[in-house]
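Enquirer: Sequence unavailable; structure follows:
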């Protein structure tokens with residue numbers, strides 16, 4: 001099972017989500033790929049993700065994850081808690097530190113959803129923090145130094161013991177993501 005986890009205010013319909021779906025449909029059609037649209041509430045998002053993972057475990061499936069931004073933060077938690085390998089793309093390291101900037105009305109252009117970010121969402125996100133990576137062999141972290149949303153150096157510090165691919169330039173979307181798909185699969189399935 002591969003669980004693709006999108007970032008804050010994003011969707012499986014983002015460029016990375018679509019590239020991921022197309023690549024796996026073409027190259028791994030037998031793979032059980034999940035790309036859920038996450039609820040806007042962090043605790044509800046994790047309930048959904050955990051239910052998918054627990055169902056896959058009950059079915060004896062191998063766990064793999066691709067998480068982008070906030071999705072990378074969630075994927076870290078899931079891989080540490082349940083096992084499996086995770087590829088993190090420009091992952092958020094301490095997203096709860098950024099939540100104050102987003103409190104209030106939000107709009108997700110992918111889903112046409114208007115919703116509220118509330119102060120308690122900050123604590124909900126913080127509950128899924130993996131301060132120390134206990135299983136570094138489970139992670140491949142893709143970073144671009146030009147990320148305009150997150151400071152890539154925080155991810156370098158947190159995931160220093162993991163396999164890192166750091167590219168100069170780029171941006172938060174991870175320019176050239178599609179070029180990394182074979183390396184991603186080699187890591188997840190080898």
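Expert: Structure received. Predicted model only: the values in this text are computed from it and were never measured.
Enquirer: quick one: the strands in the protein?
Expert: Secondary structure of the chain (DSSP state E): strands at 2-5, 33-34, 64-68, 85-89, 104-108, 113-117, 139-144, 163-167.
Enquirer: For the residue nearest the centre of the chain, give me its contacts.
Expert: Here the mean C-alpha position of the chain is nearest to the C-alpha of residue 67 (C-alpha atoms, centre = their mean), at a distance of 1.8 Å. Residue 67 makes contact with 4-5, 73-76, 86-89, 91, according to C-beta atoms under 8 Å, 6 or more residues apart in numbering. (Glycine included, C-beta is placed from N, CA and C.)
Enquirer: Model confidence for it, exactly?
Expert: Residue 67 is assigned 98 on the pLDDT scale.
Enquirer: what's the answer for residue 127, then?
Expert: So residue 127 comes in at 97 (pLDDT).
Enquirer: Please give the number of neighbouring residues around it.
Expert: 11 (other C-beta atoms under 10 Å).
Enquirer: ok, now residue 182?
Expert: Count around residue 182 with other C-beta under 10 Å applied: 11.
Enquirer: again with residue 190
Expert: Neighbours around residue 190, by other C-beta under 10 Å: 6.
Enquirer: cool, and residue 153?
Expert: 13.
Enquirer: if I look at it, how far off is residue 187?
Expert: Computed as C-beta to C-beta, to the nearest Å, the residue 153 to residue 187 distance reads 22 Å.
Enquirer: ditto for residue 93
Expert: Counting by C-beta to C-beta - residue 93 and residue 187 are separated by 20 Å.
Enquirer: Mind putting the strands of the chain into JSON lines with distance to residue 129?
Expert: JSON lines is the format used below for the strands of the chain (distance: least, C-beta to C-beta, whole Å):
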{"stretch": "strand 2-5", "distance to residue 129": "16"}
{"stretch": "strand 33-34", "distance to residue 129": "23"}
{"stretch": "strand 64-68", "distance to residue 129": "14"}
{"stretch": "strand 85-89", "distance to residue 129": "14"}
{"stretch": "strand 104-108", "distance to residue 129": "22"}
{"stretch": "strand 113-117", "distance to residue 129": "18"}
{"stretch": "strand 139-144", "distance to residue 129": "15"}
{"stretch": "strand 163-167", "distance to residue 129": "20"}
